[in-house]
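Engineer: My questions concern the predicted model and sequence given below.
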Amino acid sequence: MSVCKWYSVCPMKFFYEQGKIEKFWIEKYCWGDWKKCVRYKLEEKGEYHPDNMLPDGSIDENLS
């Protein structure tokens, strides 16, 4: 299984470890098809994205 190169520093990893997001996000994007992750695409371009942006590009106002 391929893991996203940004996983170790991604807020999604920390939100998952804190129980704030479901494992679904990690399995589908971080440990799965990370090239479809909006966060990954923005990071590769050096473009800003908020920590509470989920891999599909939606914003979760409950994440902080």
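Structural biologist: Received the coordinates, thanks.

Engineer: ok, now which ones touch the closest residue to residue 7 other than its chain neighbours?
Structural biologist: With sequence-adjacent residues excluded and distances taken as C-beta to C-beta, 6 or more residues apart in numbering, residue 7 is closest to residue 30, at 4.9 Å. Quick note: C-beta positions are derived from backbone N, CA and C, even for glycine. Counting by C-beta atoms under 8 Å, 6 or more residues apart in numbering, residue 30 makes contact with 3-4, 7, 10, 12-13, 37, 55.

Engineer: let's see 10 Å
Structural biologist: 2-4, 6-8, 10, 12-13, 16, 23, 37, 39-40, 55 (C-beta atoms under 10 Å, 6 or more residues apart in numbering).

Engineer: Ok, residue 50 next?
Structural biologist: 11, 39, 59-60, 63.

Engineer: Show the buried residues in the residues you listed.
Structural biologist: 11, 39, 63 (16 or more other C-beta atoms under 10 Å).

Engineer: Mind putting the residues you listed into a markdown table with pLDDT?
Structural biologist: As requested, the buried ones among the contacts of residue 50 are exported to a markdown table (pLDDT from 0 to 100):
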| residue | pLDDT |
| --- | --- |
| 11 | 97 |
| 39 | 97 |
| 63 | 94 |
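
Engineer: can you tell me which of those residues are in helices?
Structural biologist: Counting by DSSP state H, the buried ones among the contacts of residue 50 place 11, 39 in helices.

Engineer: In CSV: the buried ones among the contacts of residue 50, plus distance to residue 49.
Structural biologist: Listed next are the buried ones among the contacts of residue 50 as CSV, based on distance: C-beta to C-beta, whole Å:
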residue, distance to residue 49
11, 10
39, 6
63, 13
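
Engineer: Lovely, talk soon.
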